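Enquirer: Just need the structure, nothing else, for what follows:
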Amino acid sequence: MTEKKNKTNNGTYKILSAALVIASAVLVALSFVAFSYAKYVTEISGGDLPYEVQTPFSVKSQQELFNAIASGYGYVRLSNELDAPIIMTGDSLDLKSNLTIDLNGKEIQRNSRDSLLSVPAGTTFTVVDTAGGVLFIIL
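Expert: A predicted model of the protein is given here:
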């Protein structure tokens with residue numbers, strides 16, 4: 001009787017161990033998916049909610065990028081349709097509010113030694129590249 005009970009306990013132990021290993025693997029996989037997705041979402045504090053997810057404003061040209069920054073957009077993404085770098089010319093822009101620019105695997109170039117943006121105190125300028133996984137934050 002004792003031998004049969006030990007076999008039953010061993011069988012139960014093996015089943016519980018296997019279930020624990022499977023549950024751990026599923027938890028790790030779900031965590032990886034959640035954190036991978038989260039790196040592509042930009043959360044900016046503000047409004048009535050503690051965090052507000054912003055949809056990026058897509059730009060296809062130098063003029064559209066200039067207008068988006070000058071208009072105070074909070075999240076700007078370079079379009080997939082760009083074939084060449086955006087070359088910014090002209091005067092430096094004063095940042096009116098926090099700004100995140102997603103390079104989306106593309107480039108922004110400046111043809112002048114002057115700064116592209118003037119970032120006032122209390123404003124954050126963030127550059128991300130969701131296509132390449134790069135993040136720069138300029139306070």
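
Enquirer: The helix or strand where residue 127 lies - contacts with which helices or strands?
Expert: Assigned by DSSP states H and E, residue 127 belongs to strand 125-129. Applying 3 or more Cβ pairs under 8 Å, 6 or more residues apart in numbering; DSSP states H and E, we find strand 125-129 packed against strand 99-102, strand 134-138. For glycine as for every other residue, the C-beta is placed from the backbone atoms N, C-alpha and C.

Enquirer: By mean pLDDT, show me the worst of those.
Expert: Note on those: lowest mean pLDDT is at strand 134-138, with a mean of 54.

Enquirer: Just the mean pLDDT for stretch 25-32, thanks.
Expert: Mean predicted lDDT for stretch 25-32 stands at 64.

Enquirer: Show me the strands in the chain, by range?
Expert: Assigned by DSSP state E, the strands in the chain fall at 43-44, 52-53, 57-59, 75-78, 86-88, 93-94, 99-102, 108-110, 117-118, 125-129, 134-138.

Enquirer: Format the ones you listed as TSV; extra columns: mean neighbour count.
Expert: Below are those laid out as TSV (neighbours: other Cβ atoms under 10 Å):
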stretch	mean neighbour count
strand 43-44	15
strand 52-53	12
strand 57-59	18
strand 75-78	22
strand 86-88	17
strand 93-94	14
strand 99-102	22
strand 108-110	14
strand 117-118	15
strand 125-129	18
strand 134-138	11
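
Enquirer: Now render these as JSON lines, adding distance to residue 67.
Expert: Putting the strands of the chain into JSON lines (distance: least, Cβ to Cβ, whole Å) gives the following:
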{"stretch": "strand 43-44", "distance to residue 67": "20"}
{"stretch": "strand 52-53", "distance to residue 67": "22"}
{"stretch": "strand 57-59", "distance to residue 67": "8"}
{"stretch": "strand 75-78", "distance to residue 67": "10"}
{"stretch": "strand 86-88", "distance to residue 67": "12"}
{"stretch": "strand 93-94", "distance to residue 67": "10"}
{"stretch": "strand 99-102", "distance to residue 67": "13"}
{"stretch": "strand 108-110", "distance to residue 67": "15"}
{"stretch": "strand 117-118", "distance to residue 67": "14"}
{"stretch": "strand 125-129", "distance to residue 67": "17"}
{"stretch": "strand 134-138", "distance to residue 67": "21"}
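
Enquirer: Many thanks, have a good one.
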